[in-house]
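S.K.: Have a look; sequence and predicted model below, questions after that.
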Amino acid sequence: MKYPVHISKRVVLVFVAAIVIATGLLELGRSRGRVTNANAPQRSDAKPGTSPSEATLDLSASQLNSIKIKPVGSYLFPVEKETVGSISFADDLSVQVFPSYQGKIIKSLVELGDDVQKGQPLYTIDSPDLIQAESTLIGAAAALELTSKELARAKDLYTTNVGVPQRELEQAVSDEQTAEGALKAARDAVRVFGKSEAEIDQIIASRKIDPVLVVPSPISGQITSFNGPPGLLVQPGNPPAPYTVANVSVKWMLADVIESDIPFFHLGQPVQVKVMAYPDREFRGKISKIYAAVDPDTHRATIRSEITDPKNELRPGMLANFVIRVQNPVQATAVPANGVVREADGTMTVWVTTDRHHFVQRVVKTGMRRDEQVQILAGLQPGELVVADGAVFLSNMLEAPPSD
């Protein structure tokens with residue numbers, strides 16, 4: 001079916017008019033969307049140091065007073081790993097003090113936290129074994145005294161030709177020697193309980209048994225555990241020990257590190273430790289053990305360090321921040337931290353100038369941070385002038401709306 005000619009022309013004219021109007025509106029929108037400010041940044045996915053993403057600014061004399069400009073230098077960055085751990089007593093420097101023999105505690109002589117010296121009495125017990133040993137000692141002393149008298153009598157009769165046979169004299173000599181040996185063994189048995197020679201002599205002279213066994217400290221240190229109230233029956237090696245003494249001049253630092261960092265750690269590496277109680281202090285030590293197992297849930301391994309603590313300032317259970325130097329320090333290009341700006345898109349930028357008036361924003365790649373210094377891996381060369389303080393001020397100027 002065909003339409004009339006006059007209707008076809010009318011449709012064509014309407015279609016052409018619509019095209020003209022749409023084209024005009026599109027051009028108007030484009031003209032209104034253009035940035036007229038020559039200093040507005042043109043963002044792109046440029047690599048560090050490339051020019052397409054660089055924005056520029058010209059600063060007035062008053063604006064220059066708000067920033068500091070310095071040449072790019074270098075800094076010695078230590079290569080370190082950080083983690084959090086806890087302080088504990090050094091188990092290999094702790095001794096559980098058990099009695100040598102079974103007995104009932106009579107008196108506790110020191111308290112938890114006391115400092116003690118090697119050989120200082122810690123507690124006393126009433127020991128039946130000591131009673132038996134001292135009884136044997138008294139009997140051996142009496143036997144020696146008797147055999148000595150018999151030997152003296154036999155010698156006297158033998159020399160006066162009363163008729164004592166040679167065999168009887170020899171038997172008396174043998175009996176005395178046997179008694180001397182028995183007394184020596186009895187003295188040694190009592191000495192094992194900690195009795196001195198003077199005390200042993202006193203027992204022999206008085207013929208009285210002293211049942212009190214004194215248990216001394218085997219090392220100098222601090223009482224770190226107490227489980228020995230009076231009246232408690234204690235036995236050798238039967239936990240808990242009445243007392244534990246530890247050398248507190250060295251502490252352990254236990255920290256968990258992620259398994260990917262394990263290859264960085266080695267025995268003997270120096271460590272620096274800081275605790276909240278002493279924020280301005282740094283304690284030093286070294287790695288003493290790297291445990292073999294990795295926790296299957298956290299995928300972390302435990303590292304133990306020995307920390308020197310001569311003043312006994314660290315307390316078990318303290319949380320500590322612990323830094324380990326895993327490689328030799330690296331000398332690298334660096335700028336002050338206030339000269340580096342993290343942009344909204346995640347890129348890191350600095351402001352570079354050659355005449356201290358005209359500034360160019362440049363994308364850089366950063367690395368380590370230390371002591372307010374930032375390592376620059378790409379984008380800057382040593383000696384270039386950069387804004388060392390106030391870089392954020394310049395970046396904020398770019399966000400200001402363009403002026404007409």
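M.R.: Yep, it's here. Residues are numbered from 1 along each chain as shown.
S.K.: mind listing what Leu137 touches?
M.R.: Leu137 sits next to 183, 186-187, 189-190, 200, 203-204 when contact means C-beta atoms under 8 Å, 6 or more residues apart in numbering. Glycine gets a C-beta too; all of them are placed from N, C-alpha and C.
S.K.: Helices of the protein, residue ranges please.
M.R.: For the chain, helices defined by DSSP state H occupy the ranges 5-33, 61-64, 128-159, 166-191, 197-206, 391-398.
S.K.: re earlier: turn the contacts of Leu137 into CSV, columns for distance to Ile105.
M.R.: Formatted as CSV, these follow (distance: C-beta to C-beta, whole Å):
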residue, distance to Ile105
Leu183, 31
Ala186, 26
Arg187, 26
Ala189, 22
Val190, 20
Ile200, 23
Ile203, 22
Ile204, 27
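S.K.: chain center to stretch 283-302, what's the gap?
M.R.: Centre-to-centre, stretch 283-302 and its host chain are 10 Å apart (C-alpha atoms, centre = their mean, to the nearest Å).
S.K.: Now do it, average pLDDT.
M.R.: Stretch 283-302 shows an average pLDDT of 92 in the prediction.
S.K.: what comes up buried for it?
M.R.: For stretch 283-302, the buried set under the neighbour-count rule, 16 or more other C-beta atoms under 10 Å, comprises 283, 285, 287-288, 294, 300-302.
S.K.: What about the residues you listed, which are in strands?
M.R.: Cross-referencing these against strands under DSSP state E gives 283, 285, 287-288, 294, 300-302.
S.K.: Which pair of the residues you listed spans the longest distance?
M.R.: Using C-beta to C-beta, these span at most 27.0 Å, a distance reached by Phe283 and Val294.
S.K.: residues touching Ser249, list them.
M.R.: Ser249 sits next to 308-310, 312 when contact means C-beta under 8 Å, 6+ apart.
S.K.: need those residues in a markdown table with pLDDT and distance to Arg153, can you?
M.R.: Shown next, in a markdown table, are the contacts of Ser249 (pLDDT from 0 to 100; distance: C-beta to C-beta, whole Å):
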| residue | pLDDT | distance to Arg153 |
| --- | --- | --- |
| Thr308 | 92 | 69 |
| Asp309 | 93 | 69 |
| Pro310 | 90 | 67 |
| Asn312 | 90 | 66 |
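S.K.: Buried only: go through the residues you listed for me.
M.R.: With burial judged by 16+ other C-beta under 10 Å, the buried subset of the contacts of Ser249 is Asp309.
S.K.: for the contacts of Ser249, which one is nearest Gln117?
M.R.: The nearest member of the contacts of Ser249 to Gln117, counting by C-beta to C-beta, is Asn312 at 15.0 Å.
S.K.: so the closest one touches Thr224, yeah?
M.R.: No - counting by C-beta atoms under 8 Å, Asn312 does not reach Thr224; the two are 11.0 Å apart.
S.K.: anything in contact with each of those two?
M.R.: Val248.
S.K.: tell me, how many neighbours does the residue nearest to Gln381 when sequence neighbours are not counted end up with?
M.R.: With sequence-adjacent residues excluded and distances taken as C-beta to C-beta, 6 or more residues apart in numbering, Gln381 is closest to Val72, at 6.7 Å. Per other C-beta atoms under 10 Å, the neighbour tally for Val72 reads 19.
S.K.: what residues are up against Val72?
M.R.: When the contact criterion is C-beta under 8 Å, 6+ apart, the partners of Val72 are 333-335, 376, 380-386.
S.K.: can you do 7 Å?
M.R.: 333, 335, 380-384, 386 (C-beta atoms under 7 Å, 6 or more residues apart in numbering).
S.K.: Selection in PyMOL covering whichever of the residues you listed are buried, please.
M.R.: The command below creates a PyMOL selection of those among the contacts of Val72 that count as buried (16+ other C-beta under 10 Å):
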select buried, resi 333+335+380+384+386
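S.K.: wait, which of the contacts of Val72 is closest to Ile87?
M.R.: For these, the closest approach to Ile87 (C-beta to C-beta) belongs to Val335, at 37.3 Å.
S.K.: Could you double-check that the closest one lies in contact with Val350?
M.R.: Yes - under the criterion of C-beta atoms under 7 Å, Val335 makes contact with Val350 at 6.3 Å.
S.K.: Spit out the residues that contact the two alike.
M.R.: Listed as contacting both Val335 and Val350 by C-beta under 7 Å, 6+ apart are Val386.
S.K.: Got the domain ranges for the chain?
M.R.: What automatic domain parsing lists as the domains of the chain is 56-77+330-398, 83-91+246-328, 97-244.
S.K.: and the second one, how far from the chain's centre?
M.R.: On the basis of C-alpha atoms, centre = their mean, domain 83-91+246-328 sits 2 Å off its chain's mean C-alpha point.
S.K.: do the same with stretch 366-382
M.R.: 29 Å.
S.K.: Give me the contact list for that stretch.
M.R.: 48-49, 72-75, 77-78, 332-337, 340, 348, 350, 362-365, 386.
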